[in-house]
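[1] 3D, please:
(one chain, ligands or ions: 1)
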Amino acid sequence: MKHEAYIRGIGYYAPEKVLTNADLEKIVETSDEWITTRTGIKERHIAAPGEAVSDMSAAAAKAALVDAGMDADELTHIFLYTVTPDFYTPSAACLMEEKLGIRHKVVQDVNAACTGYIYGLEMARAVLALHPEAKVLVAAAEVLTSRTNWADRRTCVLFGDAAAAAVVTSEESGAQARIMDTRLSSDGSLGHLLTIKGGGSGHPYKLGDAVDEDFFLQMNGPEVFKHAVRSMAAICEELMTAQGLGNDDIVLFIPHQANWRIMEAVAKKLSLPVDKVMSTVARFGNTSASTVGIALVEARTAGRLPAGGKVLLGAFGGGFTWGSALLQF
Ligand code: UT7
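    Residues are numbered from 1 along each chain as shown. Predicted coordinates for the structure are as follows:
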């Protein structure tokens with residue numbers, strides 16, 4: 001018997017501190033005009049000193065659990081998608097479990113970069129196929145500012161910190177949306193175009209070494225832009241074709257929130273009008289794995305998830321990884 005996967009609750013957390021484009025003008029040679037026209041970003045949230053991925057993902061998880069009407073102890077699995085975990089070990093998922101006051105769950109960190117939330121939805125579907133009674137928490141959290149080079153204007157204006165979470169179960173009763181389908185992909189041969197290398201086993205530091213540029217996020221922006229548009233559009237199209245859906249069947253498209261120009265270009269390739277594209281990029285910037293989850297909550301708040309409506313999610317990020325998901329509310 002095939003078990004369906006349903007989203008029962010969603011939530012997000014964004015740190016209190018907001019860094020505006022005007023603030024960035026004081027840090028690097030940039031302008032509100034450049035950032036706005038090239039990316040659509042106006043401001044982003046920044047973690048407080050000492051605030052780590054496990055803190056933010058626990059806060060997002062609590063919001064999703066309240067939304068689901070569930071206690072943390074009911075969870076059986078936690079998948080935490082991040083490229084900026086608190087430490088190498090213990091995992092941020094273990095630290096998050098402790099912060100939720102629970103124990104003895106199946107927990108792990110996973111790195112699928114900006115595609116994390118969508119990878120998580122497929123992992124939840126897979127777990128529920130094996131264990132229909134499971135209650136899976138998918139969390140996606142980043143403190144990208146811990147790996148931001150504030151001297152590099154090509155990257156430091158783009159990113160923000162935040163976390164999102166979803167509770168996924170096989171129960172239809174009380175559910176908000178059915179995960180109709182998911183598609184995932186990757187291409188490691190292009191990984192060098194977006195990296196955070198320093199401190200990894202492939203790029204170790206010795207005691208006393210100074211931190212250098214490789215410690216921080218580095219990106220070939222224009223190349224990533226091209227691949228993001230092409231791959232996100234292709235994998236969304238693949239999913240729509242597999243489901244026999246045309247663009248009129250989609251009530252809302254929620255793409256990864258990296259850059260408004262990318263979102264607009266993907267929508268154009270899919271023949272979706274821009275008024276069907278959900279955008280939170282102006283307020284949060286690119287928060288990597290968590291962007292799609294944040295935009296989903298914001299879409300609901302804005303009344304953009306009508307009952308029965310089919311919502312398309314798409315993402316692309318480091319690795320490269322990319323994916324799409326189709327939800328029915
Ligand atoms: O989340 C993972 C996926 N990441 C993405 O999807 C990001 C993909 N890439 C992008 O969104 C865009 O490539 C960027 C927003 C990163 C850059 O936009 P662009 O239109 O591709 O600009 P560019 O890198 O080609 O730079 C154009 C010019 C350059 O000056 P010159 O060489 O033409 O004189 C840059 O030096 O803009 C300059 N520039 C800036 N100027 C003011 C680059 N960054 C800035 C800045 N402020 N912050």
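[2] strands of the stretch 1-150 of the chain, start to end?
    Per DSSP state E, counting those that start in this stretch, the stretch 1-150 of the chain carries strands over the ranges 6-13, 17-20, 43-46, 77-81, 106-110, 136-143.
[3] can you list the residues that contact the fifth one?
    In other words, strand 106-110. For strand 106-110, the surrounding residues in contact (CB atoms under 8 Å, 6 or more residues apart in numbering) are 76-82, 85, 91-94, 96-97, 116, 119-120, 123. (C-beta placed from N, C-alpha, C; glycine too.)
[4] got the angle between that strand and strand 136-143?
    For strand 106-110 against strand 136-143, the angle between stretch directions is 40 degrees (axes from the mean of the first three to the mean of the last three CA atoms, to 10 degrees).
[5] what pairs with strand 106-110, and is each one parallel or antiparallel?
    Strand 106-110 has the following strand partners under DSSP bridges: strand 77-81 (parallel).
[6] mind putting the strands of the stretch 1-150 of the chain into TSV with distance to the ligand?
    As requested, these are exported to TSV (distance: least, CB to the nearest ligand atom, whole Å):
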stretch	distance to the ligand
strand 6-13	17
strand 17-20	13
strand 43-46	13
strand 77-81	13
strand 106-110	17
strand 136-143	10
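[7] one step back: which ones among the contacts of strand 106-110 map onto helices?
    With helices identified by DSSP state H, the entries of these that belong to them are 92-94, 96-97, 116, 119-120, 123.
[8] closest residue of this protein to the ligand?
    When scored by CB to the nearest ligand atom, the chain has residue 221 as its residue closest to the ligand, at 2.9 Å.
[9] was I right to think that residue contacts residue 152?
    No. Because the distance of 10.8 Å does not satisfy CB atoms under 8 Å, residue 221 is recorded as not touching residue 152.
[10] quick one: the residue lying farthest from the centre of the chain from residue 216, how far?
    Checked against the mean C-alpha position of the chain, the extreme residue using CA atoms, centre = their mean is residue 208, at a distance of 34.5 Å. Residue 208 sits at a distance of 19 Å from residue 216 (criterion: CB to CB, to the nearest Å).
[11] ditto for residue 54
    Between residue 54 and residue 216 the distance, using CB to CB, works out to 21 Å.
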